[in-house]
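In: Pasting a predicted model and its sequence here:
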Amino acid sequence: MKPVSLLDYSPEVAAAFAENRPIVALESTIIAHGMPYPENVQTALELENIIRAAGAVPATIAILKGRLKAGLRSEEIEYLGKNGPNITKVSRRDLPLILARQQDGATTVAATMIISAYAKIPVFATGGIGGVHRGAAESMDISADLQELAHTNVAVVSAGAKAILDLALTLEYLETQGVPVIGYRTREFPAFYTRKSGLSIPHTAESPTEIAKIMQAKWQLNLQGGLLIANPIPEAKQLDYEEMNQAIDEAIRQSKQQGIQGKAITPFLLSKIKELTAGRSLSANIELVRNNVHLATAIAKEYQLLT
């Protein structure tokens, strides 16, 4: 049976491959489920323009009518943003069903990594990865993002893991799975909204060039799996560490009280934290994603020179 391509490149991304230009992948869950409308669409378009202004090409990843998309048109981003609650949040386990049923899907970190690797895009910028949830010893709630980092050859630039998680156990899990965690000019694992977590990481890099060389060395050794580039939120934009912990604890308490579970837990917590911080958590979220996109673009450009 002749294999059928599942992937559509946008004209911009297809041209980038033809011209050997660097490409940066972006996820679509942040559009459909991570932020309210219209901030989600405005942010998505701004992130793409940051990449273009720095000399690379954005490839926002999603699934539309059962087709994998590497690169979206502005009207497709608007569609995802407006219809967010009705768009399925897609991780690894969901991909075959969404494709077979020709449905729409907003891709998580895990699904974005899978599609990025399929599309041969090695650098991906996001806000924060998923990880081991607090209380996972009882709930077994561990994000598929961690397993994807262990198996899929994509470098992920993020502000650490989402602060709602058990960050210490998340780092332990990544170590067990052999995933390099590289602090960008820091030896402390960032906690999404803040630069501080109290958790050290053993490896740091001082430049995008150094990170690109680490990526090349890992994959030349045929060491399968990705890398996590931990990029702290800019100091002037971070929120107060103690205030954020109190807001997170209260949001988690309310989620348990209301019986929120599964895919609904992260959007609920992020929305509740936004409410508890009078919107400042959303502003910090936007700032840290911008920061990650700047770094990811610089890394993609350097990696392109090596390959």
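Out: In hand now; what should we look at?
In: Now for the chain, the helix or strand with the poorest mean pLDDT.
Out: Here the helix or strand of the chain ranked lowest by mean pLDDT, DSSP states H and E is helix 136-139, holding a mean of 68.
In: By residue count, which strand of the chain is the longest?
Out: In the chain, taking DSSP state E as the definition, the longest strand is strand 57-64.
In: Give me the contacts around stretch 85-104.
Out: With CB atoms under 8 Å, 6 or more residues apart in numbering as the test, stretch 85-104 has contacts from 6, 29, 32-33, 62-68, 80, 83, 105-108, 110-111, 114, 144, 147-148, 263. All C-beta spots, glycine's among them, are computed from the backbone N, C-alpha and C.
In: Return the set of buried residues in that stretch.
Out: Using 16 or more other CB atoms under 10 Å as the test for burial, stretch 85-104 gives 87-92, 94-95, 98-99, 103-104.
In: Check the offset of it from the chain's centre.
Out: A distance of 18 Å separates the centroid of the chain from that of stretch 85-104, by CA atoms, centre = their mean, to the nearest Å.
In: The chain should start at 59 in everything you say after this.
Out: Happy to do that; since the first residue is 59 now, the last one works out to stretch 143-162.
In: For that stretch, measure first residue to last.
Out: 12 Å (CA to CA, to the nearest Å).
In: quick one on the thing from earlier: could you point out which element follows the least confident helix or strand of the chain?
Out: helix 202-209 (DSSP states H and E).
In: quick one: the helices in this protein?
Out: 69-76, 87, 97-111, 132-140, 153-158, 167-176, 194-197, 202-209, 225-234, 266-278, 299-316, 323-334, 338-364 (DSSP state H).
In: How about the backbone phi and psi for Ser68?
Out: Here is the backbone geometry of Ser68 (degrees, to the nearest 10): phi -70, psi 160.
In: so it sits right up against Arg131, yeah?
Out: Yes. The criterion here is CB atoms under 8 Å, and Ser68 meets it with Arg131 at 6.7 Å.
In: Looking at the two, which is more packed in?
Out: With neighbours defined as other CB atoms under 10 Å, Ser68 and Arg131 compare such that Ser68 has more, 18 against 13.
In: Read off the pLDDT value for the more buried one.
Out: With respect to pLDDT, Ser68 scores 98.
In: What residue spans form the domains of this structure?
Out: 59-179, 185-365 (automatic domain parsing).
In: No more questions from me, cheers.
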